[in-house]
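K.L.:
coords please:
(3 chains)
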Amino acid sequence: MPRLTLPAPADYLLKRDFCSYGYFLLFPNHWDPRRQLFSRVLSLSGGPVHIEVTQPNGRGTPIAVQLGRALTKAERNEAVHQLTRMLRLDDTSENIRAFHSLDPRWKRLGRARLMRSPTLFEDVIKTVTSCNVSWPNTVNMNRRLCETLGDVVEGPEGTAFSFPSAAKIARTRSQTLRARCRVGYRDARIVQLARLFSIAPKCGGIDQSWLEDPATPDEAVFEFLIDLPGIGPYAAANIMQLMGRYRRLPLDTESVRHGRTLLGYKGTSAHVMKQVHRHYAPFGDHAFRSYWFELWEFYESKHGRSWTWERDSTGKMFTAALLSKT
DNA sequence: GGTAGACCTGGACGC
DNA sequence: GCGTCCAGGTCTACC
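P.N.:
Model (predicted):
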């Protein structure tokens, strides 16, 4: 079986750093808690490939990737690029030290990295499918998007699907998305986003290199994102944290619950949100990481360490009704 | 600039 | 098992 090996930073721990953000539970990602193995289908220029990712020798040792088929040199580079993005292997130790010096609570556990998708497009669509719905519904939308529009691959444990490409969704009728993927009123917005991602910047498409360039100011990125269909202030801030821009907080009803129950703030939702913003402002460029790891610790206090969670049974763990029972 | 209401799905609840 | 209510962020119309 073809393999790929990725060097890991000295502090990298796959189970902790991969199971660090809710998207690790969304299709086509699959974390196997028993084998401590992450698998999914990656979309490469030569077609889809099923991968299995482990860190056999633990913290700081290389990441082993089992490939479902042989890759060309160009495809290997693409796979490395996508996995590096996804696992945040490129988050520098200076950056992580800066976070830990601002918020030392997470130094002992080594928490700093937040997993994300192999592409910005997948992160954007996952964010849209997480707005204005309960978590189990988000899980279903992503599963149906993959099963309906993704490329099919035979993996070691049966049929697996890729996340659909922007080009594929751009060619799909919005009614199909609504009827078969159950995305509701998000249908046309998802198709519009896919079109913007699948055409060249000079033809009116999204200039991803400008958007992901660290030199582009936060404010410019935010203004650009909230002009996109289906993207409001919450979604834009969430996409920004997925891009590694942690200063702006994506606050939602879950943040209000956190502000009330754990931080002790009182008053209207709008008032609590303002207090939460103020609470994390001292963490500056790392505000979201401080906020998120507090939330994550709360979830783990209820359900055990995230790397023990099963994708197919965690949906109901994150309903508002259950989370409000502190 | 601020606010009300529609959008759509699925879970919770009452019967 | 069925019907009703409600949660959730974005968008538009309106003031």
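K.L.:
tell me the mean pLDDT for the lengthiest helix in chain A?
P.N.:
Ranked by residue count and defined by DSSP state H, the top helix of chain A is helix A:287-303. Averaged across helix A:287-303, pLDDT comes to 94.
K.L.:
run through who's touching it.
P.N.:
The set of residues external to helix A:287-303 that reach it, using CB atoms under 8 Å, 6 or more residues apart in numbering, is A:20-21, A:99, A:102-103, A:105-106, A:111-112, A:114, A:241, A:246-250, A:254-255, A:258, A:262, A:276, A:280-281, A:283, A:306, A:309, A:314, A:317-318, A:323. No exception for glycine: its C-beta is placed from N, CA and C like everyone else's.
K.L.:
buried subset of those residues as a ChimeraX selection?
P.N.:
This is how ChimeraX selects the buried members of the contacts of helix A:287-303, with burial counted by 16 or more other CB atoms under 10 Å:
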select /A:20,21,99,102,103,106,111,112,114,241,246,247,248,249,250,254,255,258,276,280,283,306,309,314,317,318,323
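K.L.:
helices - which of the contacts of helix A:287-303 land there?
P.N.:
Filtering the contacts of helix A:287-303 for helices - DSSP H - leaves A:F99, A:L102, A:Q241, A:E254, A:S255, A:H258, A:V276, A:Y280, A:L323.
K.L.:
what's the closest non-adjacent residue to the first one?
P.N.:
Same thing as A:F99. In space, and not counting its chain neighbours, A:F99 is closest to A:H286: 4.3 Å by CB to CB, 6 or more residues apart in numbering.
K.L.:
picking up where we left off before, determine which two of the ones in helices among the contacts of helix A:287-303 are furthest apart.
P.N.:
By the measure CB to CB, A:L102 and A:L323 form the most distant pair in those, at 27.1 Å.
K.L.:
just give me the neighbour total for A:R305.
P.N.:
Close neighbours of A:R305, defined as other CB atoms under 10 Å, add up to 11.
K.L.:
A:S162 is in contact with A:V153, correct?
P.N.:
Yes: here A:V153 reaches A:S162: they are 7.1 Å apart, a contact under CB atoms under 8 Å.
K.L.:
mutual contacts of these two, please.
P.N.:
When CB under 8 Å, 6+ apart defines a contact, the residues bordering A:V153 and A:S162 alike are A:V41, A:P48.
K.L.:
which of the two has more residues huddled nearby?
P.N.:
For A:V153 and A:S162, the more surrounded residue by other CB under 10 Å is A:S162, and the numbers stand at 25 against 20.
K.L.:
what's across from that one in the sheet?
P.N.:
In this structure, A:S162 has the following beta-bridge partners (DSSP bridges): A:V41.
K.L.:
measure it to DNA strand B for me?
P.N.:
Using CB to the nearest atom of the strand, to the nearest Å, A:S162 is found at 21 Å from DNA strand B.
K.L.:
near DNA strand C, which residues of the stretch 1-150 of chain A are found?
P.N.:
Taking CB under 7 Å from any atom of the strand as the criterion, the neighbours of DNA strand C within the stretch 1-150 of chain A are A:C131, A:N132, A:V133, A:S134, A:N137.
K.L.:
look up phi and psi at the last one.
P.N.:
In terms of degrees, to the nearest 10, the main-chain angles of A:N137 are phi -70, psi -40.
K.L.:
tell me the contacts of it?
P.N.:
Listed by CB under 8 Å, 6+ apart, the contact partners of A:N137 are A:R182.
K.L.:
if I look at it, how far off is A:D11?
P.N.:
Applying CB to CB, to the nearest Å, one obtains 35 Å for the distance of A:N137 from A:D11.
K.L.:
rewinding a little: buried subset of the residues of the stretch 1-150 of chain A next to DNA strand C, written for ChimeraX?
P.N.:
Of these, the buried ones go into a single ChimeraX selection, burial set by 16+ other CB under 10 Å:
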select /A:131,133,137
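K.L.:
thank you kindly, that will do.
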